[in-house]
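K.L.:
Need coordinates for the below:
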Amino acid sequence: MAGLACFGTGIAFFVRSELGVPPWDVFHQGISKHTGLGLGTVLIIVAFFVLLLWIPLKLKPGLGTLLNAIEIGLVENIAQDVIQKSDVLAVRIIYMVAGLTIIAVGSGLYIGAEFGSGPRDGLMLGLNKRFGISVRLARTVVEISVMIIGLFLGGHIGFGTFVFALGIGPMVQVTLRLFKMSRASLDAAAGEASEQ
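P.N.:
Below is the predicted model:
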């Protein structure tokens, strides 16, 4: 739960940086602009829609999957209200770096707990298992697709989007090792990170 809270907080830092958000959050931002719902609320709704895609892929959610679907969005809503906006570029860069670091730590914690993958990660793993698509290709296609849709809906990409895309894999690999997951999970995480 601490890891998921970190993840939601990290997304809020990216939003407040106004330098670009992670690819999925470009999609969430676009929906938020059209519905008037808070970004965190959109995260929760989209997570449950993504879980519906698990059915034809024959995936089963775990406790961590359900907590992921709910907690990250709730925490993001709260954290975005708490974190102050800034017009100072140096502060915004610090927000972006803090967001990336906090998301990496959160990922290491929640993946390390081994209670099930998040809805979006599970979708990519399911495409791999069901159709033999590599995790790297599945992740790339899904994330680029939702990002493009998000752009058309009014979401924003920026420098932060690319910092996230390039930095999150290596940083999560480090945090997974810091939180000493089981050997099998470390091997799987290393394989997944190398495919990202």
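K.L.:
for this protein, what's the longest helix?
P.N.:
Longest helix in the chain by number of residues (criterion: DSSP state H): helix 89-112.
K.L.:
packing partners for the helix or strand encompassing Gly3?
P.N.:
Using DSSP states H and E, Gly3 sits in helix 2-17. In this structure, helix 2-17 makes packing contacts with helix 23-35, helix 39-54, helix 63-82, helix 89-112, helix 159-178, judged by 3 or more Cβ pairs under 8 Å, 6 or more residues apart in numbering; DSSP states H and E. (Glycine included, C-beta is placed from N, CA and C.)
K.L.:
Quick one: mean pLDDT for it?
P.N.:
Mean per-residue pLDDT for helix 2-17: 96.
K.L.:
chain center to that helix: distance?
P.N.:
9 Å (Cα atoms, centre = their mean, to the nearest Å).
K.L.:
So which bits of that helix are buried?
P.N.:
3-17 (16 or more other Cβ atoms under 10 Å).
K.L.:
between those residues, which is closest to Gly154?
P.N.:
Val15 (14.0 Å; Cβ to Cβ).
K.L.:
just to revisit the earlier point, which of the buried residues of helix 2-17 sits closest to Gly155?
P.N.:
Using Cβ to Cβ, Val15 comes nearest to Gly155 of those, at 10.7 Å.
K.L.:
ok, that closest one to Val21 distance?
P.N.:
Distance from Val15 to Val21, counting by Cβ to Cβ, to the nearest Å: 6 Å.
K.L.:
anything in contact with each of those two?
P.N.:
Shared contacts of Val15 and Val21, defined by Cβ atoms under 8 Å, 6 or more residues apart in numbering, comprise Gln29.
K.L.:
Quick one, grab the pLDDT at the nearest residue to Phe27 once chain neighbours are set aside.
P.N.:
Nearest non-adjacent residue to Phe27, counting by Cβ to Cβ, 6 or more residues apart in numbering: Gly150, 3.5 Å away. Gly150 carries a pLDDT value of 94.
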